[in-house]
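Student: Build me a model:
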Amino acid sequence: MNFFEQQDQAHRQSKKLLFLFFLAVVAIVVTVDFSIAFVWHWSQGSRTDLAQGYPPGFFLLSSLLTLAVIAGGTLFEIYQLRDGGDAVAQMAGGRLVLPASEDIHERRLLNIVEEMALASGIACPRVYVLDNEDAINAFAAGYHQNEAVVAVTRGTLMRLNRDELQGVVGHEFSHILNGDMRMNIRLIGVLFGIQMIAGLGQELMYWGSRLGSSRSRDEKGPPIQLVLLALGVILFVVGYVGIFFGRLIKSAVSRQREFLADASSVQFTRNPDGIGGALRKIGGLTRTNECGSRIDNPRAEQLSHLFLGAARPNLLSGLFATHPPLEERLQRVYGKNVAFLEPVDEQEGMEAESAAISAVASAPFNAAGTARDIAGFGAHSAALPEMAMAGLALATAVPAKAAASSRPNPYNSTLLEAARAPQSAFALVLAMLMDRRNPDAYRVQQQLLAQSAAGSVTQAEQLLLQLEALQNNARLPLLDLAMPALKLLSPAQRGELLALSARLITADQQMTQAEFVIQSVLERRLGPDAGRAIPVRYGQIGQLRSEVCLLGSLVARSFARQDEVGAAWLRLAGVLPELQLQPSDLQNTAEMDFFDVRIALQKCNQLAPLAKPFLIKALFAAATPGTGSAEHETIDLLRAVCAAIDAPVPELASLR
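Tutor: Numbers count the residues shown, from 1 in each chain. Below is the predicted model:
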């Protein structure tokens, strides 16, 4: 099952989940209505028939009040989590790890997250550490992959080696890629809303126990004290029955997603001992009555479905377990039963982690080697789901330890340090858009910087010198590396960066393809809509024929020779026979307006999840001749397309 099928399944799973919670809410409302009716009848001293004698609109008012409590609690909690993954991480006691952190354990974690993000072509998530948690656990959270966070416990940093930590991060990246995060945050909100019924009942019981009797001698029926107590007990019980069923639904959904994430992690890292070793150490900690994966934070139960392992084991763990048993997860990872491990503080290889990430971007693409690597799983591959798009991207791009050490790092320390601090990353983006080869345009760009970003002028010019010595195929990955730091900018600063970037691009009254690529990535990753889900408006790729022709022409025209251009167009047409593309549909790039390309990408991002892979497959087929490689300008363009339509990058663009 590929990335887009997973997204589509996540959407359908969300709808099913919402329907089940809707049924639970209806059941709660009906139960509360009858409970209040019983208390009303009892409070009247049984002077009325149970089936009649209620004030006008009694049940309507009761239902509306119950719905208001549930909806109010849900909306309140979702509002509290409006910042997405950052709010969830802070709720769990997380501390943001700055991209420039020099702590050796945090540096290792940041390096691994950066490797995964570069390989998959998605925005690099922000990283949090739960300093007060000694257990081995982690989670990913956020409303959108462009605004995701990855959080790990202090125990995960200290007790896992690099391979195991990479396996844990791969597990969390699966949740990001498969669209689990938005559903998980909604679960938090809905369960909190249902819990409000029990909270209201608890309040009524409290006041009922504090108030004295207000019934006069001439009045019949129980005193108000008993009425409040009775109503409070009923609401408390009904609320917790609702929570009971809500947790059952949450657990059933979460367990299946964990199996998929474990399998994806194995494919991403090409190493079952990664996630497998982490799970075995969790088992070893649990067996010795230590913390295992237990989270001590008071909100742990509320967030339990987000975590890598069981955050709060309980007596009804089989019924409410948000995660499958460790033994079953390990059996699926290894294809056999394996023993737990005794975890120790891992220091192996930590000295090397002060260096930058391995040069993922500079590695050559080898489709045949990719196939051999995947086939090399042997017996394990039978237990894993097929993740053709996102899985192959990460499996081919995330380097093994030995391979990584043999590859030269394309970035010097100056560029890496600039990419990991907000203000210097701001200057780095500006430097990427400056062009000293065009003296007239360069003078205009210098004037623009002096007027708008005085503090960045000198630094941008210094970084420009470093960038000119860098291979072109390493620039876009460097921009990806800078994203966590750029996201630390305030909304106003982000807006200033986007506006200034656009002005630098138009300094020479034209836009090149390289400039368009950078601007597209910036707008989708840092723009005001970066964290918002895009509504589906087109179910079939045939509805966007003209847009496909425009994007396909841009890719095909990237080849130098006319015969190569024609061959690329034929490959595109062969993947999309339903569009009946003709040679006459091939457009001239000299007549293209990149504004039209931007509009085309916005429409393509509104394709249904299962329609997007046809577009990406066609564009990558056009870009890839029989040699299995493509020019770096074309690869950058394809990375920009994937960023614009919120898709991971297939294997071709993951490696250079």
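Student: what are the ranges of the strands in the stretch 51-200 of the chain?
Tutor: For the stretch 51-200 of the chain, the strands defined by DSSP state E, counting those that start in this stretch occupy 95-96, 126-130, 138-141, 149-153.
Student: could you dump those to TSV with distance to residue 569, mean pLDDT and mean neighbour count?
Tutor: All C-beta spots, glycine's among them, are computed from the backbone N, C-alpha and C. What follows is the strands of the stretch 51-200 of the chain, written out as TSV (distance: least, C-beta to C-beta, whole Å; pLDDT from 0 to 100; neighbours: other C-beta atoms under 10 Å):
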stretch	distance to residue 569	mean pLDDT	mean neighbour count
strand 95-96	47	96	16
strand 126-130	41	96	25
strand 138-141	40	93	30
strand 149-153	40	95	29
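Student: Same list as before, those strands that is, but in CSV and with distance to residue 325 included.
Tutor: Listed next are the strands of the stretch 51-200 of the chain as CSV, based on distance: least, C-beta to C-beta, whole Å:
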stretch, distance to residue 325
strand 95-96, 31
strand 126-130, 24
strand 138-141, 19
strand 149-153, 21
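Student: okay but residue 498 is in contact with residue 529, surely?
Tutor: No - using C-beta atoms under 8 Å, residue 498 makes no contact with residue 529, being 11.7 Å away.
Student: These two - which one has more neighbours?
Tutor: residue 498 (17 against 13; other C-beta atoms under 10 Å).
Student: Which elements pack onto whatever helix or strand that one lives in?
Tutor: Using DSSP states H and E, the element containing residue 498 is helix 491-505. Helix 491-505 sits against helix 422-432, helix 439-452, helix 513-526, with contacts defined as 3 or more C-beta pairs under 8 Å, 6 or more residues apart in numbering; DSSP states H and E.
Student: ok, then the element right after the last one?
Tutor: Sequence-wise, the next helix or strand beyond helix 513-526 is helix 545-556, with elements assigned using DSSP H and E.
Student: tell me the angle of whatever helix or strand comes next after that following helix relative to helix 545-556?
Tutor: Counting by DSSP H and E, the next helix or strand C-terminal to helix 545-556 is helix 562-575. Helix 562-575 runs at 140 degrees relative to helix 545-556, counting by axes from the mean of the first three to the mean of the last three C-alpha atoms, to 10 degrees.
Student: which ones are touching the residue lying closest to residue 533 once chain neighbours are set aside?
Tutor: Among residues not flanking residue 533 along the chain, residue 144 sits closest, at 6.2 Å (C-beta to C-beta, 6 or more residues apart in numbering). Contact partners of residue 144, counting by C-beta atoms under 8 Å, 6 or more residues apart in numbering, are 84, 181-182, 530-533, 646.
Student: among the residues you listed, which ones are buried?
Tutor: Buried by 16 or more other C-beta atoms under 10 Å: 84, 181-182, 530-531, 646, out of these.
Student: Looking at pLDDT only, which of the residues you listed scores worst?
Tutor: pLDDT across the buried ones among the contacts of residue 144 is lowest for residue 531, at 70.
Student: which ones are touching it?
Tutor: 84, 142-144, 146-147.
Student: Around the closest residue to it other than its chain neighbours, how many other residues sit close by?
Tutor: Closest residue to residue 531 apart from its sequence neighbours, by C-beta to C-beta, 6+ apart: residue 147 at 3.6 Å. Counted by other C-beta under 10 Å, the residues lying close to residue 147 total 21.
Student: And residue 436, by the same measure?
Tutor: 13.
Student: Now do the same contact list for it.
Tutor: 442, 464, 468.
Student: which of these are buried?
Tutor: Buried, going by 16+ other C-beta under 10 Å: 442, 464, out of those.
Student: Would you reformat the contacts of residue 436 as CSV and include distance to residue 131 and pLDDT?
Tutor: Output for these, formatted as CSV (distance: C-beta to C-beta, whole Å; pLDDT from 0 to 100):
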residue, distance to residue 131, pLDDT
442, 47, 90
464, 39, 91
468, 41, 87
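Student: Distance to residue 310 added to the contacts of residue 436, as JSON lines?
Tutor: As requested, those are arranged in JSON lines below (distance: C-beta to C-beta, whole Å):
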{"residue": "442", "distance to residue 310": "58"}
{"residue": "464", "distance to residue 310": "51"}
{"residue": "468", "distance to residue 310": "52"}
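Student: any weak-confidence spans in the stretch 301-450 of the chain?
Tutor: Low-confidence segments of the stretch 301-450 of the chain (pLDDT under 70): 313-320, 343-410.
Student: do the same with the stretch 1-150 of the chain
Tutor: Under the criterion of pLDDT under 70, the regions of the stretch 1-150 of the chain flagged as low confidence span 1-15, 17-18, 44-53.
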